[in-house]
Structures are given as structure tokens and as C-alpha cells.
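**Q** how would this look folded up:
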Amino acid sequence: MNKLSLYTKLRANILKKIRNFFEVRNILEVETPLLMSTTNPASYLDSFCFDNKFYLQTSPEFAMKRLLAICHKDIYQICKAFRKNEIGKIHNHEFTILEWYRINFDHHDLMNEMDNFFIDIANLSKAVRYTYHDIYMKYLDIDPYNTKIMDLKIIAKKYNLDISFVEEDIDIWLQILFSHLIEPHLIHYESPVFIYDFPESQAMLSKVRFEKQKIASRFEIYYRGIELANGFHELNDSNEQRQRFNNDLNMRNKLNMPLVPIDEALLSALNDLPNCSGVALGIDRLMLALSQKDHISIEDILLCRY
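**A** Residues are numbered from 1 along each chain as shown. Here you go, the predicted model:
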């Protein structure tokens with residue numbers, strides 16, 4: 001019980017520090033609806049739906065972008081989020097999320113601020129940074145921007161991964177190799193690790209820019225091998241976002257997943273969304289990493305929340 005009490009106090013102290021971090025930067029705390037008439041259609045997300053028309057939100061992202069398009073002010077939110085069929089050592093159906101948006105930041109600016117966030121909130125050292133390309137070259141000696149599924153199958157076979165169930169989708173293959181062969185190396189870093197500049201096909205809701213090839217301006221953050229956050233230089237092109245949503249719905253249909261209505265209010269708001277970057281961070285996972293536990297305990301979550 002004493003151990004759980006210490007965990008409860010640590011969490012309360014972390015939340016207090018988080019709010020102070022944003023207050024001194026004049027970033028406004030907001031609250032948006034958790035129950036809405038649509039949700040994120042991404043094929044990797046499965047939402048709780050009620051009466052076939054109300055969805056518990058998988059993150060506050062869509063509502064916060066609609067608000068940001070109106071107020072044009074830096075904002076943040078700490079709230080609950082819900083994802084169906086996600087349960088495991090670092091997953092729970094219900095979790096606490098911190099999400100914030102910074103106007104006139106690109107993803108590099110936001111990574112710089114996140115460095116300050118981890119130093120202030122958790123007394124961590126400055127993060128190590130790798131591009132998506134460089135992390136693959138470092139640990140698997142392969143260029144993820146210019147590879148084929150057959151090349152990835154050869155690597156999987158070399159490391160004795162079970163590949164019989166994997167679809168013929170290069171992004172799924174890249175994600176599997178990353179989670180099984182790269183993430184374990186990230187456990188040994190003393191500081192957070194930022195992975196940025198993903199392949200265009202993994203842009204999600206981020207902008208894409210052209211260098212030698214098209215690159216998605218997004219990043220992920222790992223600490224003690226746990227993915228803590230996902231950030232974007234936010235896409236504000238409604239036509240491009242509609243096409244991505246349609247692609248998501250096609251994939252959901254292919255996977256026999258429930259279809260969800262496209263968020264027309266979000267698409268309309270994107271036309272007024274300022275140049276900005278945003279990031280979502282899992283508070284429960286942050287607590288997991290800081291307390292050096294190896295799984296999210298339901299008992300800890302209950303005792304630290306009530």
C-alpha cells in the first residue's frame with residue numbers, strides 16, 4: 001500500500017508540474033467533448049460506439065484542431081481517451097492523454113520544446129534524435145524509404161520472426177521490424193529517443209515535404225523502450241486530408257472493420273487551421289516509464305485516480 005501511495009503522489013506531482021510548464025508559457029488549458037458523432041477513421045484504431053452514432057474519442061485531436069482554427073492560440077488538454085481492443089502491458093481501454101498545439105512551430109520546434117518538457121517534468125537528460133532512416137540503418141542496415149517487402153522478409157527470417165501472418169503491406173512490415181528488432185535497443189538509452197521524418201505512407205495527419213523523396217514531418221518519442229508520444233507538423237490541407245480519410249476507410253472496409261463518418265467539421269476547420277505542430281503524450285505510459293514498472297497496473301490506475 002505504501003508503494004502505491006508513493007505512485008499516487010508521484011502522479012499528482014507530475015500533473016502539477018505539467019500544468020505549470022504550460023502556464024509559464026502562456027499555453028491555454030482547454031476541454032473538448034469526449035463523446036462525438038464521429039471519430040478518427042484510421043485502420044489501426046477501434047473506437048467504442050454507442051447507438052451506432054456516438055463515439056468515445058480515441059484522442060482529443062479532432063476537436064482541439066477545430067478549436068484551434070477558431071482561436072488561433074496555443075492550447076493543451078489533459079483528458080481521458082478510449083480505444084477498443086487495446087489491452088496489454090502498456091495498453092488499456094481507458095487512458096489519460098496530454099495533447100498540445102503550438103502555432104508557427106514545425107516538428108523540430110516541438111521536439112525542442114519536448115526536450116524542455118522532459119527535463120522540467122521528469123529531470124531527464126536531453127533526448128537522442130534519429131531520423132527514421134538513420135535508426136533503420138543503425139540497427140538493420142537498410143534504407144526504409146527505398147526498400148521492398150522481400151528485403152524486409154529476409155531480415156525477418158534472419159532474426160527468426162514468425163512472418164506467416166503478415167499482410168503484403170510494406171508499412172506493416174516496417175512496423176513489425178521496428179517493434180521487434182529496433183524498439184528493444186531503445187530500452188538501453190538513459191535519455192528519451194526521438195525518431196522523426198517518417199515515410200510519406202506513414203504521414204497520418206502530418207504535412208509531407210519533398211527532399212530526395214517525400215518525407216512525413218512527424219515524430220515519435222521513446223523512453224526506456226516505451227513509445228510515449230506522437231507528434232506532427234499538422235496538415236492543414238482539407239483536400240489532402242479528405243483523401244487520406246478515404247484511404248483509411250478503404251482499408252477499414254478491406255479489414256472488415258466498422259466504417260465511421262468522415263468528420264466534415266474538421267475538414268472545414270482545416271482551411272482555417274494556422275501553421276502549427278501538435279503532440280499527444282500518454283500520461284499512464286509516462287508514469288510507467290518513470291516508476292520503472294514493466295506494465296500498466298489496473299490497481300495503480302485506480303488508486304492514483306480516485
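
**Q** can we go C-alpha only for contacts and neighbour counts from here?
**A** OK.

**Q** which SS class is the spatially most central residue of the chain?
**A** The centroid of the chain falls nearest to residue 230 when counting by C-alpha atoms, centre = their mean (3.0 Å). Under DSSP: H, G, I helix; E, B strand; the rest coil, residue 230 falls in the strand class.

**Q** find the nearest non-adjacent residue to it, please.
**A** Nearest residue to residue 230, sequence neighbours excluded (C-alpha to C-alpha, 6 or more residues apart in numbering): residue 220, at 4.5 Å.

**Q** ok, now which ones touch that neighbour?
**A** 194, 195, 196, 227, 228, 229, 230, 231 (C-alpha atoms under 8 Å, 6 or more residues apart in numbering).

**Q** of all those residues, which two lie farthest apart?
**A** Distance extremes for the contacts of residue 220: the farthest pair is 196 and 228 at 13.7 Å, using C-alpha to C-alpha.

**Q** okay, now residue 108: neighbour count?
**A** 17 (other C-alpha atoms under 10 Å).

**Q** just confirm it is within a helix.
**A** Yes - assessed with three-state DSSP, residue 108 lies in a helix.

**Q** for it, give its distance to residue 114.
**A** In this view, residue 108 and residue 114 are 10 Å apart by C-alpha to C-alpha, to the nearest Å.

**Q** picking up where we left off before, pLDDT value on the residue nearest to residue 230, please?
**A** Note for residue 220: predicted pLDDT of 98.

**Q** surely residue 129 and residue 191 touch.
**A** No - Residue 129 is not in contact with residue 191 according to C-alpha atoms under 8 Å; the separation is 10.2 Å.

**Q** if you count surrounding residues, which of these two has more?
**A** Shown here are residue 129 and residue 191; by other C-alpha under 10 Å, residue 191 has more neighbours (19 against 16).

**Q** what sits against the more buried one?
**A** Contacts for residue 191 (C-alpha under 8 Å, 6+ apart) come out as 124, 125, 126, 127, 128, 223.

**Q** between those, which is nearest residue 264?
**A** Nearest to residue 264 among the contacts of residue 191, with distances taken as C-alpha to C-alpha, is residue 223, at 36.0 Å.

**Q** so what's the closest one closest to, chain neighbours aside?
**A** Leaving aside its chain neighbours, residue 223 sits nearest to residue 192 (4.6 Å; criterion: C-alpha to C-alpha, 6+ apart).

**Q** and the helix or strand hosting residue 152, average pLDDT?
**A** Residue 152 is located in helix 149-158, with elements delineated by DSSP states H and E. The average of the pLDDT scores along helix 149-158 is 92.

**Q** what is that helix packed up against?
**A** Here helix 149-158 is seen to pack against helix 170-177 when contacts are counted using 3 or more C-alpha pairs under 8 Å, 6 or more residues apart in numbering; DSSP states H and E.

**Q** show me how far the helix it packs on is from its chain's centre.
**A** Its chain's C-alpha centre and that of helix 170-177 lie 17 Å apart, by C-alpha atoms, centre = their mean, to the nearest Å.

**Q** can you name the element that comes right after it?
**A** Per DSSP H and E, the first helix or strand lying C-terminal to helix 170-177 is helix 183-186.
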